[in-house]
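Chemist: predicted model and sequence below, questions to follow.
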Amino acid sequence: MSSEIQSQSKTAKPRVAILGAGPAGLGAAWQLARSGKAEAIVLEQRGDVGGNSGSFTIGGELDGLPLDYGSHRLHPSCHPEILADLRGLLGDDLLDRPRHGRIRLRGHWIHFPLKPVDLVLRLPKSFAFGVAADSVRKLVASSSANGHESFASVLERNLGSTIFRDFYHPYAKKIWGVEAEQLSAIQAYRRVSAGSLMKMVKKVLALVPGLKAPGAGRFFYPREGFGQISQALAAAARNEGAQILHHTAVKKIHLGTPHQIEVERDGSTQLVLADYVWSTIPITTLAKLVTPQAPADVIAAGSKIKYRAMILIYLVIAQPQFTEFDAHYFPDAEVALTRISEPKNYSARNKPKDRTVLCCELPCDVDDENWRRTDEELGQLAKQALEQSGLPIQAPILQVVTKRLSHAYPIYQQGYETHFNRLDEWAAGLERILTFGRQGLFAHDNTHHALAMAYAAVDCLNGSGSFDLARWNDYRAEFATHTVED
Ligand SMILES: Cc1cc2nc3c(=O)[nH]c(=O)nc-3n(C[C@H](O)[C@H](O)[C@H](O)COP(=O)(O)OP(=O)(O)OC[C@H]3O[C@@H](n4cnc5c(N)ncnc54)[C@H](O)[C@@H]3O)c2cc1C
């Protein structure tokens, strides 16, 4: 027998149940409660907030050092209204930091973001000549699309074969687990922020003192870890009256008036009643949870789109600092990791005094060989990858901790659009159900994009309690122009 979870207040306002307490869900809960438009209740399966943008601490002698689920930064391209809100919530804790990373290219370390001096002095000669020759070729030859396009063809045409072959081709295979030729052109058009040689040159020039655009080469980072953004959003939402339930996994959604959401909580099945369901969980999961059941072709479409998983391997090392860099990127096919980051360097933290942590990112598939490895094996794998890249760990490794993300990246395999569109069309046909956020729209988006979606959803809910679908569709067209930043 299932019991019912009562909302905290009894008002005439619509009740909105938000599935997922990542930035999209929390941003929506805060805006709903703050605007007074609705009663918001957030249902989250985990014990913490922030989803993939959360932070956690591990025991031992780390002085509460916050660790993120892989390298996370708040990009200055965040919408000014949202940035102002986050500044209001975090105050001086929202640090403005210079980017200071490195990419390993043909055995050389190049600063990331690129510095003009690196282009002249540090790029491997063969790479620099290749890029120069590609640029000349681009100037003299027409470079319009020619027939069927893929991630590979778009990037090769726009960036030239040298950058494509040395960087994007191997990196794509590692991140998404699919050959660049099998990825959709959308991945290149909307998801590569420096999508053409001209854009890349502009990005580099933007770093020259005097030409420097505000925010170029910088990022925002909360003093207590990236998850502090979500923690602050959750606290603000609660302050305004929103409810956030942890360890509450959504198991079924019975469509009706009101919708009845079956959740598993405290070892029992409970019911949440809501006028609206705003889902930020994977759209593929949503399609399986709704009753009456989605048509068979929708379920089939859901099984044809996939999210890439990721294992985060945290190495606790007995030394104050591993390097001065925030992140190292490894495009080479031979190195299993895609990136390592050193959390202490993101907030210039000097505690713990004699320990640091490296966060190593290993993209994979749920249940593949790597997913099933033990922590010890993963620690060895990370250590060897660093040795192979010329970054051997000299100090003792005191502890290895791992975290697994089942939904790290949407995979834009060729033809995915047809399957996603079928799911999206089905979801749009459900009354008073909305899906958004990175998982909800299968969008390879940043945190600030997920927040923009949340703000847009709240903007579409009218004071009368009705939802303006036409306005939402305009916003959806805007979301399609989001470009992901690394
Ligand atoms: C390795 C990596 C690095 C990244 N780096 C950056 C960066 O530098 N800057 C940046 O801006 N963004 C970055 N991102 C993207 C960022 O993590 C996402 O944009 C953001 O977390 C999306 O927020 P969301 O709320 O849409 O989804 P999520 O954060 O995925 O939240 C979804 C929530 O739904 C919950 N959920 C799922 N199923 C259920 C269920 N059945 N019942 C209840 N709850 C459920 C999950 O537990 C989760 O909390 C990165 C992502 C990854 C993977």
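Modeler: It's in.
Chemist: what comes up buried for stretch 283-303?
Modeler: Residues 283, 284, 285, 286, 287, 289, 290, 294, 298, 301, 302 are the ones in stretch 283-303 that count as buried (16 or more other CB atoms under 10 Å). The way it works is simple: take the backbone N, C-alpha and C, and place the C-beta from them, glycine included.
Chemist: likewise for stretch 68-79?
Modeler: 68, 69, 70, 71, 72, 73, 74, 75, 76, 78.
Chemist: one step back: of the buried residues of stretch 283-303, which are in range of the ligand?
Modeler: By CB under 6 Å from any ligand atom, the members of these lying near the ligand are residue 285.
Chemist: now the two most distant members of the buried residues of stretch 283-303.
Modeler: Across the buried residues of stretch 283-303, the longest distance by CB to CB is 15.5 Å; it joins 289 and 301.
Chemist: spell out which residues of the stretch 1-150 of the chain are next to the ligand.
Modeler: 19-25, 43-46, 51-53, 70-73, 75.
Chemist: could you pick out the buried ones from those?
Modeler: By 16+ other CB under 10 Å, these give 19-25, 43-45, 51-53, 70-73, 75 as buried.
Chemist: list the contacts of residue 263.
Modeler: For residue 263, the contact set (CB atoms under 8 Å, 6 or more residues apart in numbering) comprises 5, 43, 245, 248, 249, 250, 251, 269, 270, 271, 272.
Chemist: which of the residues you listed are buried?
Modeler: Buried, going by 16+ other CB under 10 Å: 5, 43, 245, 248, 250, 270, 272, out of the contacts of residue 263.
Chemist: OK, contacts around the fourth one?
Modeler: Shown in contact with residue 248 (CB under 8 Å, 6+ apart): 43, 44, 45, 263, 264, 265.
Chemist: cross these against strands and list the overlap.
Modeler: The strands, defined by DSSP state E, take in 43, 263, 264, 265 from the contacts of residue 248.
Chemist: what's the most distant pair in those residues?
Modeler: 43 and 264, at 10.2 Å, using CB to CB across the ones in strands among the contacts of residue 248.
Chemist: so what sits against both of the two?
Modeler: 248, 249.
Chemist: rewinding a little: export the buried residues of stretch 283-303 to JSON lines and tack on pLDDT?
Modeler: Listed next are the buried residues of stretch 283-303 as JSON lines, based on pLDDT from 0 to 100:
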{"residue": "283", "pLDDT": "98"}
{"residue": "284", "pLDDT": "97"}
{"residue": "285", "pLDDT": "98"}
{"residue": "286", "pLDDT": "98"}
{"residue": "287", "pLDDT": "98"}
{"residue": "289", "pLDDT": "98"}
{"residue": "290", "pLDDT": "98"}
{"residue": "294", "pLDDT": "97"}
{"residue": "298", "pLDDT": "97"}
{"residue": "301", "pLDDT": "97"}
{"residue": "302", "pLDDT": "97"}
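Chemist: of the buried residues of stretch 283-303, closest to the ligand?
Modeler: residue 285 (5.7 Å; CB to the nearest ligand atom).
Chemist: in a strand, that closest one, correct?
Modeler: No. Counting by DSSP: H, G, I helix; E, B strand; the rest coil, residue 285 falls outside a strand, being helix.
Chemist: just how off-centre is stretch 268-284 within its chain?
Modeler: 22 Å (CA atoms, centre = their mean, to the nearest Å).
Chemist: nope, stretch 59-78 is what I was after
Modeler: So, by CA atoms, centre = their mean, the centroid of stretch 59-78 is 14 Å from its chain's centroid.
Chemist: for stretch 253-272, same thing?
Modeler: 28 Å.
Chemist: report the buried residues of it.
Modeler: 253, 258, 259, 260, 261, 262, 263, 264, 265, 270, 272.
Chemist: the closest residue to residue 31 other than its chain neighbours: which element?
Modeler: Nearest in space to residue 31, with sequence neighbours left out and distances taken as CB to CB, 6 or more residues apart in numbering, is residue 458 at 3.9 Å. Counting by DSSP states H and E, the element that carries residue 458 is helix 447-460.
Chemist: so which bits of that helix are buried?
Modeler: Quick answer for helix 447-460 (16+ other CB under 10 Å): 447-458, 460.
Chemist: got it, and stretch 23-39?
Modeler: Applying 16+ other CB under 10 Å to stretch 23-39 flags 23-34, 37-39 as buried.
Chemist: same deal with stretch 301-317?
Modeler: Applying 16+ other CB under 10 Å to stretch 301-317 flags 301-302, 305-317 as buried.
Chemist: center of this protein - which residue?
Modeler: With distances taken as CA atoms, centre = their mean, residue 446 lies nearest the centre of the chain, 5.0 Å away.
Chemist: so after the helix or strand containing residue 97, what's the next helix or strand?
Modeler: Assigned by DSSP H and E, residue 97 falls within strand 94-98. Next helix or strand after strand 94-98 toward the C-terminus (DSSP H and E): strand 101-105.
Chemist: what's near enough to touch the closest residue in space to residue 169 that isn't next to it in sequence?
Modeler: In space, residue 169 comes closest to residue 180 once its chain neighbours are excluded; the distance is 4.9 Å by CB to CB, 6+ apart. Going by CB under 8 Å, 6+ apart, residue 180 touches 150, 151, 152, 155, 164, 168, 169, 172, 173.
Chemist: one more time with 7 Å, if that's ok
Modeler: 151, 152, 168, 169, 172, 173 (CB atoms under 7 Å, 6 or more residues apart in numbering).
Chemist: for the buried residues of stretch 253-272, work out which two are farthest apart.
Modeler: Farthest pair in these, by CB to CB: 258 and 264, 19.7 Å.
Chemist: so how far is residue 446 from residue 98?
Modeler: 19 Å (CB to CB, to the nearest Å).
Chemist: what residues does the stretch 201-350 of the chain put near the ligand?
Modeler: 249, 250, 280, 281, 285, 310.
Chemist: so which of those sit within strands?
Modeler: Using DSSP E, these in strands are 249, 250, 310.
Chemist: and the residue of the stretch 101-250 of the chain found nearest the ligand, what are its bridge partners?
Modeler: Minimum separation of the stretch 101-250 of the chain from the ligand (CB to the nearest ligand atom) falls at residue 250, amounting to 3.7 Å. When bridges are called by DSSP bridges, residue 250 pairs up with residue 263.
Chemist: how is this structure divided into domains?
Modeler: Split into domains by automatic domain parsing, the chain comes to 3-52+224-305+413-479, 57-71+307-409, 114-205.
Chemist: assign residue 271 to helix, strand or coil.
Modeler: Applying three-state DSSP: residue 271 is strand.
Chemist: in the sheet, who's paired with it?
Modeler: residue 4, residue 262.
Chemist: in this structure it contacts residue 4, no?
Modeler: Yes. Counting by CB atoms under 7 Å, residue 271 does reach residue 4; the two are 4.7 Å apart.
Chemist: which residues touch stretch 335-351?
Modeler: 63, 65-68, 71, 95, 97, 171, 174-175, 221, 223, 321-323, 325-330, 356-363, 381-382, 385, 388-389.
Chemist: so where's the stretch 201-350 of the chain shaky on pLDDT?
Modeler: 201-215 (pLDDT under 70).
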